[in-house]
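*Asks:* Quick one: sequence plus predicted model below, questions after.
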Amino acid sequence: MTHTTDHNLALFERAKLVIPGGVNSPVRAFKAVGGTPRFVKRAQGAYFWDANDSRYIDYIGSWGPMILGHGHPAVVKAVQEAVLEGFSFGAPTEREIELVEEILRLVPSMDMVRLVSSGTEAAMSAIRLARGATGRSKLIKFEGCYHGHADALLVKAGSGLATFGNATSAGVPPEVVQHTLVLEYNNVAQLEEAFTLHGKEIACLMIEPIAGNMNFVRASVPFVKRCRELCSQYDALLVFDEVMNGFRVALGSAQSVYARQIPGFEPDMTVMGKVIGGGMPLAAFGAKRKVMEQLAPLGAVYQAGTLSGNPVATACGLATLREISKPGFFEDLSRKTRSLVDGLKAAAAAEGVPFSADSEGGMFGFFLLAELPQNYPQVMKTDSGRFNQLFHGLLDRGVYIAPALYEAGFVSAAHSDADIAATVAAAREVFKLL
Ligand SMILES: *Cc1c(COP(=O)(O)O)cnc(C)c1O
């Protein structure tokens, strides 16, 4: 072992006494892969250092936000300046307008945006707004997509086709999820059947366009096209949950990727988070003016937040969006991410390991499966024992990927070609052992 875990272990034991599972978000606990979570001391560029001062090449980047890498000088400067002006006012600031104007410039499907503090809050508020705007109760989501932990969205598929779901968490009463219909991702026939049965009662269909919460599964172009057509036909709102994809897979977010293939394509509502805060608590949801004007204080749909549009978070997000808007940023990030994916595929092939991988912009996923999966049941065919071996093999070699097989990976602008080559070399060593 090149990395001992003593200090991490000591911190984990201490944390477990006072924080449930020792962590403030479950997947950090390494429950799926076993072993001791790495407690981060500091991070810079493409790396972080744990409590033992061991260095890791970081492919999580705070689960996506750190698209520039850690401690980007322009972002640090913007945050430092903002902090000196004050942490929070509970009154509006000019920077909130600047950030929203920047978001609207990059994602023109929206006319107006409201800023909130987490992706969960944004998705929850988007659903309330969709229900308020349509006067309907039901919503469609897809198995394997995560939209935060609001009650109505913590639902797994029902037992039969187009049946309403069951809660995936204790503490969610059945009445709260009775309006949530969970369908199979990329299944056009099931989608059509759901609209035929319930179309006039559906407020919205929420989808992760490139689903990063089942590792990396693209919604197929025909599937997205059908989602769009059916929502229009039944006056339901098509909600793109771009919390992970937004400003990560392309400057125009995932909707721009689909608009390239479906002429005129736009979602009705967009949910954002992660990259827009650049690592600070910031998220957003937006839509056309007619829908957004239903929100308080203009309309009857209530939504609020003490720290919404926080001045330090908006400074961080704005500086981040300005950096990623620079010419060539996404071309370079996409090329690097693609080279990682291609390198991993070649290494797996050389060692005879069944493997598939894909990427878009700075987001990637790989599977210990010969073919890229199309939906959640296919993702779950991955042998978790082998994945855990791969995870720990990489961790021991200083490469940090998500500690669960159903999570995506992220490359930042700070990752060098040498970091990627080192990652591929480490992966090849581990593939040899599988
Ligand atoms: C991360 C994520 C969320 C939840 O965001 P939080 O800020 O963790 O509440 C919602 N939707 C998607 C697609 C996400 O990836």
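*Replies:* That came through, no problem.
*Asks:* would you list every one of the helices in the stretch 251-400 of the chain?
*Replies:* For the stretch 251-400 of the chain, the helices defined by DSSP state H, counting those that start in this stretch occupy 253-259, 289-292, 311-324, 329-350, 376-379, 384-396.
*Asks:* Against which helices or strands is the last one packed?
*Replies:* In terms of contacts (3 or more C-beta pairs under 8 Å, 6 or more residues apart in numbering; DSSP states H and E), helix 384-396 is packed against helix 417-433. No exception for glycine: its C-beta is placed from N, CA and C like everyone else's.
*Asks:* Could you pull up the mean pLDDT of the helix it packs on?
*Replies:* Averaging pLDDT along helix 417-433 yields 98.
*Asks:* Would you point out the helix or strand in this protein whose mean pLDDT is lowest?
*Replies:* strand 166-167 (a mean of 80; mean pLDDT, DSSP states H and E).
*Asks:* In contact with the nearest residue to Glu98 once chain neighbours are set aside: list those residues for me.
*Replies:* Nearest residue to Glu98, sequence neighbours excluded (C-beta to C-beta, 6 or more residues apart in numbering): Leu318, at 5.9 Å. Leu318 is in contact with 78, 95, 98-99, 102, counting by C-beta atoms under 8 Å, 6 or more residues apart in numbering.
*Asks:* got it, and Ser137?
*Replies:* Ser137 makes contacts with 131, 179, 201, 203, as judged by C-beta under 8 Å, 6+ apart.
*Asks:* how about the strands in the stretch 151-300 of the chain?
*Replies:* 155-156, 166-167, 180-183, 202-207, 210-211, 217-218, 237-242, 269-272, 283-287 (DSSP state E, counting those that start in this stretch).
*Asks:* Run me through the strand neighbours of the second one, direction for each.
*Replies:* Just to be clear, that refers to strand 166-167. strand 155-156 (antiparallel) (DSSP bridges).
*Asks:* Same check on the last one?
*Replies:* Strand 283-287 has the following strand partners under DSSP bridges: strand 112-116 (antiparallel), strand 269-272 (antiparallel).
*Asks:* hmm, back to that, rank the strands of the stretch 151-300 of the chain by pLDDT, which is bottom?
*Replies:* strand 166-167 (a mean of 80).
*Asks:* Can you tell me the closest non-neighbouring residue to the residue in the chain positioned nearest to the ligand?
*Replies:* The nearest approach of the chain to the ligand comes at Gly119, 2.1 Å away (C-beta to the nearest ligand atom). The spatial neighbour of Gly119 that comes closest, neighbours along the chain excluded (C-beta to C-beta, 6+ apart), is Gly273 at 3.3 Å.
*Asks:* Which pLDDT value belongs to the one you found?
*Replies:* So, for Gly273, pLDDT stands at 98.
*Asks:* Look up phi and psi at the residue of the chain closest to the ligand.
*Replies:* phi -60, psi -40 (degrees, to the nearest 10).
*Asks:* Next, count neighbours for it.
*Replies:* Burial of Gly119 is recorded as 30 neighbouring residues (other C-beta atoms under 10 Å).
*Asks:* And for Gly212?
*Replies:* When neighbours are defined as other C-beta under 10 Å, Gly212 has 29 of them.
*Asks:* Spit out the contact partners of the residue lying closest to it once chain neighbours are set aside.
*Replies:* Distance criterion C-beta to C-beta, 6+ apart; nearest residue to Gly212, sequence neighbours excluded, is Ala408 at 3.6 Å. Neighbouring residues of Ala408 by C-beta under 8 Å, 6+ apart: 64, 212-213, 215-216, 244, 363-365, 402.
*Asks:* CA atoms of stretch 241-255 as PDB?
*Replies:* Extracted in PDB, the C-alpha atoms of stretch 241-255 (Å, rounded to 0.1, in the frame of the first residue of the first chain):
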ATOM      1  CA  ASP A 241     -32.600  18.400 -14.400                       C
ATOM      2  CA  GLU A 242     -29.300  19.800 -15.400                       C
ATOM      3  CA  VAL A 243     -27.900  20.000 -11.900                       C
ATOM      4  CA  MET A 244     -25.100  17.700 -12.900                       C
ATOM      5  CA  ASN A 245     -25.100  18.300 -16.700                       C
ATOM      6  CA  GLY A 246     -25.400  22.100 -16.700                       C
ATOM      7  CA  PHE A 247     -22.200  23.900 -17.700                       C
ATOM      8  CA  ARG A 248     -20.500  20.500 -17.400                       C
ATOM      9  CA  VAL A 249     -21.200  18.600 -20.600                       C
ATOM     10  CA  ALA A 250     -21.300  21.800 -22.800                       C
ATOM     11  CA  LEU A 251     -21.300  25.500 -22.300                       C
ATOM     12  CA  GLY A 252     -25.000  25.500 -23.400                       C
ATOM     13  CA  SER A 253     -25.600  22.500 -21.000                       C
ATOM     14  CA  ALA A 254     -27.100  19.200 -22.100                       C
ATOM     15  CA  GLN A 255     -30.100  20.900 -23.800                       C
END
